[in-house]
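Student: this one's sequence-less:
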């Protein structure tokens, strides 16, 4: 349930002609950090999709940019669950440059559980702990 | 100063294995709609960068996803300035599927004017009308 | 069976810090030109995938870059089938800048027909004309 | 001068609706393997661009796809210089899945040295060894 950190190296193709990383790339970094978070918490997101037919559809993204990332920078993406129930998840993010720990961006994403056919789904019970979903009182 | 609409066709490469457009792509569509907005308002963004050394750095993005876009859908991106002064801009967006006018996403982006060296800059006066920046009273 | 031309406008996100379009983007442009080619020839690629469970998997790409494309350039992608049989397709491409007709790139791609499960498939007979596949003599 | 291997994990955003990695992504992987190759050989590509105003423009790409990469696969990109002189470079690539060493793709890229203004340039002498450029006999 704790925060998880993923390190990555900025790719040349991720820059634009402003000489910095294009802002759309931060959402891709957040996504790969979510996948690594799940793995660290004992849930392989690939299996969740394949075996349970449950996908984590993105319903909201938000990102605040404080300083630019540049080609070949090492970047640390910190991710943590901010809210979770069997229908909905919210993750928070902080993206720092490894070299000097400068915060480059902060953000959050919201997700709902769906089937691959985009129908609402509930996260199977065995995955609840991964996302910090509390058992309901009253023992249901 | 009005809203501007841009039409585009979803590319195969914009989809992911969920069978829908990846959420990061919406930020790219918002960007191309901004560029078309500027053009329609009489400002070529390319010239702004090249001739005035002024870039429009993204400082915040927000997107709410209501329904998925799919390969080969025709999509309409509506953009309008929500707030503007010589230092800062805010745009609003609504993204609809052309076929049935269903709203797929809404969002906003915030921008500051910078030089290419990422120093703060002020938008040259002649571009103010493009973004609906009002002349100050008192005639400064 | 003739060549087909698609026009597009270079997106900001397609540039890199060299100030030109990233070379990987040309493959995406070739792909969207293929889709438009099919449409012009009477075959909706989306339906081919959905209704026939036939996908056109890429088995080879080649691109020669002669001059760079830049942000906001209008670009024309010309595509034509170079070889076709019910198992395999080869397309040729020429990518020009609209403004001065300068050739920016040339290339080709090779494809095999597969099912979505990546098993070999044959293109249904009714689509043969789209890609210029000749009926066999002997009337099979 | 030897081959260099880079490992990476397939990102969700790199897949398309066929359920496999989009073919344009392989060029991005080749690029990041080139950057790591240079680093391993003692040349930081970022510094080459920044301090020497020399960029390595891509003039040709070729890729043969043998099997698809999928989300979350670990992939190994092997890269080696195939030909090199102070004006032109050619790299070869082999891309394997780490799990079973299956070759997913092979390819090559050709490059010329340019200035950032896209004028031809010669690679500074001190970088020759990085790319295996032989000193000319006769001592020029």
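Tutor: Done, it's in. This is a predicted model, so every value here is computed, not measured.

Student: look up how far chain D lies from the residue most central in space within chain A.
Tutor: Nearest to the geometric centre of chain A sits residue A:34, at 3.0 Å (C-alpha atoms, centre = their mean). From residue A:34 across to chain D, the span is 9 Å (C-beta to the nearest C-beta, to the nearest Å). In short, each C-beta sits where N, CA and C put it, glycine included.

Student: what does residue A:7 give?
Tutor: For residue A:7, the distance to chain D equals 12 Å [C-beta to the nearest C-beta].

Student: grab the nearest non-local neighbour of that residue.
Tutor: Excluding its sequence neighbours, the residue lying closest to residue A:7 (C-beta to C-beta, 6 or more residues apart in numbering or on different chains) is residue A:76, at 5.5 Å.

Student: same question for residue A:89.
Tutor: residue A:111 (4.5 Å).

Student: before we move on, what about residue A:94?
Tutor: residue A:78 (4.5 Å).

Student: quick check: buried residues in stretch A:76-88?
Tutor: Within stretch A:76-88, the residues that count as buried by 16 or more other C-beta atoms under 10 Å in any protein chain shown are A:76-81, A:84-86.

Student: and those as a markdown table, adding pLDDT?
Tutor: As requested, those are exported to a markdown table (pLDDT from 0 to 100):
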| residue | pLDDT |
| --- | --- |
| A:76 | 98 |
| A:77 | 98 |
| A:78 | 98 |
| A:79 | 98 |
| A:80 | 96 |
| A:81 | 94 |
| A:84 | 91 |
| A:85 | 90 |
| A:86 | 89 |
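
Student: quick one: is stretch A:43-57 near chain C?
Tutor: No. Stretch A:43-57 lies out of reach of chain C by C-beta under 8 Å from any C-beta of the partner chain, never closer than 13.4 Å.

Student: coming back round to it: and the buried residues of stretch A:76-88, which of them are in strands?
Tutor: A:76-81, A:84 (DSSP state E).

Student: which SSE is immediately downstream of the helix or strand bottoming out on mean pLDDT in chain A?
Tutor: In chain A, no helix or strand scores lower on mean pLDDT, DSSP states H and E than helix A:45-52, which sits at a mean of 90. Next helix or strand after helix A:45-52 toward the C-terminus (DSSP states H and E): strand A:55-65.

Student: touching chain B at all, that next one?
Tutor: Yes. Contact of strand A:55-65 with chain B (C-beta under 8 Å from any C-beta) involves A:55, A:57-65.

Student: get me the contact residues on chain A for chain D.
Tutor: Within chain A, the positions near chain D by C-beta under 8 Å from any C-beta are A:9, A:11-13, A:28, A:31-32, A:35, A:44-46, A:71-72.

Student: so what does the longest helix along chain A touch, helix or strand wise?
Tutor: Counting residues, the longest helix found in chain A (DSSP state H) is helix A:25-40. Helix A:25-40 makes packing contacts with strand A:4-9, helix A:45-52, strand A:55-65, strand A:74-84, strand A:88-97, strand A:103-114 when contacts are defined by 3 or more C-beta pairs under 8 Å, 6 or more residues apart in numbering or on different chains; DSSP states H and E.

Student: and the ones you listed, which one's lowest on average pLDDT?
Tutor: Lowest mean pLDDT of the helices and strands packed on helix A:25-40: helix A:45-52, a mean of 90.

Student: who's in contact with that one?
Tutor: Residues from elsewhere that reach helix A:45-52, judged by C-beta atoms under 8 Å, 6 or more residues apart in numbering or on different chains: A:34-35, A:38-39, A:54-56, A:116, A:124, A:127, B:17, D:12, D:71-72.

Student: quick check: angle from that helix to helix A:25-40?
Tutor: In terms of direction (axes from the mean of the first three to the mean of the last three C-alpha atoms, to 10 degrees), helix A:45-52 departs from helix A:25-40 by 70 degrees.

Student: distance from the chain centre to helix A:45-52, please.
Tutor: 16 Å (C-alpha atoms, centre = their mean, to the nearest Å).

Student: also stretch A:94-114?
Tutor: 8 Å.

Student: the residue nearest to residue A:8 when sequence neighbours are not counted: neighbouring residues, count only.
Tutor: Leaving aside its chain neighbours, residue A:8 sits nearest to residue A:75 (5.5 Å; criterion: C-beta to C-beta, 6+ apart). Using other C-beta atoms under 10 Å in any protein chain shown, residue A:75 is surrounded by 21 other residues.

Student: for the residue nearest to residue A:83 when sequence neighbours are not counted, name its beta-bridge partners.
Tutor: For residue A:83, ignoring the flanking residues on the chain, the nearest one in space by C-beta to C-beta, 6+ apart is residue A:90 at 4.2 Å. On the basis of DSSP bridges, residue A:90 is bridged to residue A:83, residue A:110.

Student: check contacts around residue A:90.
Tutor: Contacts of residue A:90 (C-beta under 8 Å, 6+ apart): A:81-84, A:108-111.

Student: please redo it, this time with the cut-off set to 10 Å
Tutor: Taking C-beta atoms under 10 Å, 6 or more residues apart in numbering or on different chains, we find residue A:90 in contact with A:59-60, A:80-84, A:108-111, A:131.

Student: quick one: which two of those are the most distant?
Tutor: Greatest spacing in the contacts of residue A:90, by C-beta to C-beta: A:59 and A:80 (18.4 Å).

Student: which strand residues bridge residue A:57?
Tutor: residue A:112.

Student: count the residues that sit near residue A:8.
Tutor: Using other C-beta under 10 Å, residue A:8 has 22 neighbouring residues.

Student: that one and chain C, how far apart?
Tutor: Distance of residue A:8 to chain C, computed by C-beta to the nearest C-beta: 17 Å.

Student: residues near residue A:54, how many?
Tutor: By the criterion of other C-beta under 10 Å, residue A:54 has 19 neighbours.

Student: let me see the contact set for it.
Tutor: Applying C-beta under 10 Å, 6+ apart to residue A:54 gives the contacts A:45, A:48, A:113-116, A:121-124, A:127.

Student: any chance of those residues in CSV, plus neighbour count?
Tutor: Listed next are those as CSV, based on neighbours: other C-beta atoms under 10 Å in any protein chain shown:
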residue, neighbour count
A:45, 21
A:48, 19
A:113, 22
A:114, 19
A:115, 13
A:116, 14
A:121, 20
A:122, 10
A:123, 23
A:124, 13
A:127, 19
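
Student: which one of those is nearest to residue A:3?
Tutor: Nearest to residue A:3 out of the contacts of residue A:54 is residue A:45 (C-beta to C-beta; 17.5 Å).

Student: which residues does residue A:60 contact?
Tutor: Contact analysis of residue A:60 by C-beta under 10 Å, 6+ apart lists A:90, A:108-112, B:23, B:62-65, B:105, B:107.

Student: and what of residue A:42?
Tutor: Neighbouring residues of residue A:42 by C-beta under 10 Å, 6+ apart: A:126-127, A:129-130.

Student: and it, what element?
Tutor: Under the criterion of DSSP H and E, residue A:42 resides outside all helices and strands.

Student: and the pLDDT at it?
Tutor: pLDDT, residue A:42: 88.

Student: how close does it sit to residue A:4?
Tutor: To residue A:4, residue A:42 is 12 Å away according to C-beta to C-beta, to the nearest Å.

Student: what does residue A:108 give?
Tutor: For residue A:108 relative to residue A:4 (C-beta to C-beta), the value is 15 Å.

Student: end-to-end on stretch A:105-123?
Tutor: Chord length of stretch A:105-123, first to last residue, is 29 Å (C-alpha to C-alpha, to the nearest Å).

Student: now stretch A:62-74
Tutor: Across stretch A:62-74, the terminal residues are separated by 22 Å (C-alpha to C-alpha).

Student: now swap in stretch A:63-82 and tell me
Tutor: Stretch A:63-82 has an end-to-end distance of 15 Å (criterion: C-alpha to C-alpha).

Student: pull the number of nearby residues for residue A:111.
Tutor: For residue A:111, the neighbour count with other C-beta under 10 Å is 21.
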